[in-house]
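**Q** My questions are about this predicted structure, shown below with the sequence.
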There are 2 protein chains.
Amino acid sequence: MILDGKTTSQKIMSELKAELDKNNQPLIDLDIILVGDDPSSRLYVDLKQKKAKDIGVGGKIHELPSTSTTQDVVDLIQKLNNDSSVTGLMVQLPLPSPIDRDLVLEAIDPKKDADGLTSYNLGLLFHKDPSAIASATSFGIIKLIEEYKINLDGKNAVIIGRSVDVGLPLFALFNNRNATVTICHSHTQNLIEICQKADVLVSIVGQKNFVTADFVKDGAIVIDVGTSLDIETGKIVGDIDFNSVAPKCSYITPSPSGVGPMTIASLLLNTVEIYKRNK
Amino acid sequence: MILDGKTTSQKIMSELKAELDKNNQPLIDLDIILVGDDPSSRLYVDLKQKKAKDIGVGGKIHELPSTSTTQDVVDLIQKLNNDSSVTGLMVQLPLPSPIDRDLVLEAIDPKKDADGLTSYNLGLLFHKDPSAIASATSFGIIKLIEEYKINLDGKNAVIIGRSVDVGLPLFALFNNRNATVTICHSHTQNLIEICQKADVLVSIVGQKNFVTADFVKDGAIVIDVGTSLDIETGKIVGDIDFNSVAPKCSYITPSPSGVGPMTIASLLLNTVEIYKRNK
């Protein structure tokens, strides 16, 4: 069965819009910082702003040149942290390489951290603190799973990838829901064998056809997070060899239209939640 | 082979003392808050103060009655946070039940968090931030493993127990050293099968003989963290059925004299590190 991120995200957005309409469309601003001129980053940022606008959330895109220093980005973040008209803010990743991503992300006020990427919010998530803001992608995966009434309790979950923006917060969210979680990565010795035990398998690799049918247990739930550019077709593709894997799964996300749209919906869920807490 | 926490901790303490002696014994204070009158908590607190004194670290024990409220404890913590004569502070766990442990721990200034239990420090640990202060017990386990030159890279590590004070920070420390880590807990369905795959097995359960020989792969490294009171003997015992498990292991910690003394050594390592950063 397909875990339809497109339809689920549209449902979430409609509910958010209805909630904001009911409250006479309060002023909510999600500001986005875009550094450099990576074309897909530009595309994502525009899409985020458009989706925000659709439900009545405003906000500026702050463009900085690719020659910006870490301090330039940190200075802008501090300005937005202190600007009471800005509800939440996020920095589009990846950043141009000389910029220190960790210093940039840590500069965000955890209370305005719409994308949920500060270490403070990750720590709160592991502490099951209700004030934690989860990373948008990992929260989107949880919302998608919950939409299909999948119970994670007692399930073996295997996450391939340990990024601070997806793998680690997803580990926390799965663990908090009583799954038994394993995180695999480039140093893992017996990856296929570990994946074959997974009731829930999540791939965050960024390599076309990385996960093939032999990775997957019959009846598993398979979530495709990683993306890469397919040079043959010029399209963005996921990690899962969908045609061979799908027949073995109880549930599978397509890519696109799986985790991607859920990430944007969760970013807006986070933003509205931040608004409600801080108003 | 025995992972000798007693000897290793003594070595760490001697090195710390030599370092402090060389710097003319600077004023370093580790303050400990003890709430209520649990006899083993009292024992541990006295032991921590004694060991601190041995290397030249001072500090008060602040005793609060078991009838204290969460706010009483938080108020004291805030006073110590703001007291520049206090280098680091910790709250002895467990707390009497009506007190909200999370609120208490979160009140500690992360920069003075000698026991490494704030969510902020846990988040920094997952972010591999060099300023993170790791929980004393999990850091003690790492120091013990490193003393024996055990390389975790690529090893399958299984941690039974997901507490914020040991299981989760140990997950971060193992993951940061490129082990493939699984966290098991009370909802795990196939615990023995998962443990049998472990190159490194850590038990944080608090139940005598919880880990028996059938849990353990030949040649595994087994770490005993959980403790409980053995009613028959009146002694504090670990989780591992040592006599049956030890012959299968390449390395094993005894209990006592394994992880316990390492926890105190790490608490003092953290305290001296905090002193050096904040002076």
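**A** Thanks, I have it. Numbering: from 1, shown residues only, chains lettered A, B, ... in the order given.

**Q** use CA for all of it now, contacts and neighbours both
**A** OK.

**Q** since we're on A:R42, how many residues are nearby?
**A** Per other CA atoms under 10 Å in any protein chain shown, the neighbour tally for A:R42 reads 16.

**Q** Ok, the one 10 residues further on next?
**A** As a burial measure, A:A52 scores 23 neighbours (other CA under 10 Å).

**Q** Please state the backbone phi and psi of it?
**A** Backbone torsions of A:A52, given as degrees, to the nearest 10, read phi -60, psi -50.

**Q** so what pLDDT did it get?
**A** In this model, A:A52 is scored at 98, pLDDT.

**Q** From A:G161, how far out is it?
**A** Distance, A:A52 to A:G161, using CA to CA, to the nearest Å: 29 Å.

**Q** now the strands: where do they sit in the stretch 101-250 of chain A?
**A** All strands of the stretch 101-250 of chain A, identified by DSSP state E, counting those that start in this stretch, fall at A:156-160, A:180-184, A:200-203, A:221-224, A:228-230, A:235-237.

**Q** right, and these - which one's nearest B:V216?
**A** Proximity to B:V216, assessed across the strands of the stretch 101-250 of chain A by CA to CA, is greatest for strand A:180-184 (18.2 Å).

**Q** Mind giving me the packing neighbours of that closest one?
**A** If contacts are counted by 3 or more CA pairs under 8 Å, 6 or more residues apart in numbering or on different chains; DSSP states H and E, strand A:180-184 sits against strand A:156-160, helix A:167-176, strand B:180-184.

**Q** Adding mean neighbour count, mean pLDDT and distance to A:I240, write these out as a markdown table.
**A** Converted to a markdown table, the helices and strands packed on strand A:180-184 look like this (neighbours: other CA atoms under 10 Å in any protein chain shown; pLDDT from 0 to 100; distance: least, CA to CA, whole Å):
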| stretch | mean neighbour count | mean pLDDT | distance to A:I240 |
| --- | --- | --- | --- |
| strand A:156-160 | 25 | 98 | 12 |
| helix A:167-176 | 23 | 98 | 16 |
| strand B:180-184 | 26 | 98 | 21 |
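
**Q** For the nearest residue to A:L268 once chain neighbours are set aside, which residues are in contact?
**A** Leaving aside its chain neighbours, A:L268 sits nearest to A:A52 (6.7 Å; criterion: CA to CA, 6 or more residues apart in numbering or on different chains). With contact set as CA atoms under 8 Å, 6 or more residues apart in numbering or on different chains, A:A52 has these partners: A:L30, A:G58, A:L268.

**Q** taking these one by one, which sit in strands?
**A** Mapping these onto strands (DSSP state E) picks out A:L30.

**Q** of all the contacts of A:A52, which comes closest to chain B?
**A** The closest of these to chain B turns out to be A:L268 (CA to the nearest CA; 23.1 Å).

**Q** From the domain annotation, what segments belong to each domain of chain A?
**A** Chain A breaks down into these domains under automatic domain parsing: A:24-109, A:136-260.

**Q** circling back: of the strands of the stretch 101-250 of chain A, which is nearest B:D102?
**A** Of all those, strand A:180-184 sits nearest to B:D102, with 23.3 Å by CA to CA.

**Q** That closest one versus strand B:180-184: what angle between them?
**A** Taking axes from the mean of the first three to the mean of the last three CA atoms, to 10 degrees, one finds strand A:180-184 and strand B:180-184 inclined to each other by 170 degrees.

**Q** which of the domains of chain A sits most buried?
**A** Ranked by mean neighbour count, the domains of chain A are led by domain A:136-260 with a mean of 20 (mean count of other CA atoms under 10 Å in any protein chain shown).

**Q** Would you check the distance separating that domain from the middle of the chain?
**A** 13 Å (CA atoms, centre = their mean, to the nearest Å).

**Q** closest to A:G260 out of the strands of the stretch 101-250 of chain A?
**A** strand A:221-224 (9.4 Å).

**Q** Which elements pack onto the closest one?
**A** With contacts taken as 3+ CA pairs under 8 Å, 6+ apart, strand A:221-224 sits against strand A:200-203, strand A:251-252.

**Q** hmm, back to that, okay, the contacts of A:A52 in TSV with pLDDT next?
**A** Formatted as TSV, the contacts of A:A52 follow (pLDDT from 0 to 100):
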residue	pLDDT
A:L30	98
A:G58	97
A:L268	98
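
**Q** Using a markdown table, lay out the contacts of A:A52 together with distance to B:F215.
**A** Putting the contacts of A:A52 into a markdown table (distance: CA to CA, whole Å) gives the following:
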| residue | distance to B:F215 |
| --- | --- |
| A:L30 | 51 |
| A:G58 | 56 |
| A:L268 | 45 |
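
**Q** For chain A, list the residues in contact with chain B, please.
**A** Within chain A, the residues that sit near chain B (CA under 8 Å from any CA of the partner chain) are A:119-124, A:126-127, A:153-156, A:164, A:168, A:178-185, A:187-189.

**Q** got the residue ranges for the helices in chain A?
**A** In chain A, helices defined by DSSP state H lie at A:5-22, A:39-55, A:70-81, A:101-107, A:119-126, A:136-147, A:167-176, A:191-195, A:242-245, A:259-278, listed in chain order.

**Q** what about those helices, which gets the closest to B:I99?
**A** Of all the helices of chain A, it is helix A:119-126 that lies closest to B:I99, at 19.0 Å by CA to CA.

**Q** Other residues contacting that closest one?
**A** A:106, A:110, A:116, A:130-134, A:169, A:172-173, A:176, B:119-124, B:126-127, B:164, B:168.

**Q** what do you get if the cut-off is 7 Å, keeping everything else the same?
**A** Contact with helix A:119-126 is made by A:106, A:110, A:132-134, A:169, A:172, B:119-120, B:122-124, B:127, as judged by CA atoms under 7 Å, 6 or more residues apart in numbering or on different chains.

**Q** Considering those, which possesses the most neighbours?
**A** Neighbour counts for the contacts of helix A:119-126, by other CA under 10 Å, peak at B:L122, which reaches 31 neighbours.

**Q** what's the closest non-adjacent residue to the residue in the stretch 1-150 of chain A positioned nearest to chain B?
**A** With CA to the nearest CA as the measure, A:G123 is the residue of the stretch 1-150 of chain A nearest to chain B, at 3.8 Å. Closest residue to A:G123 apart from its sequence neighbours, by CA to CA, 6+ apart: B:G123 at 3.8 Å.
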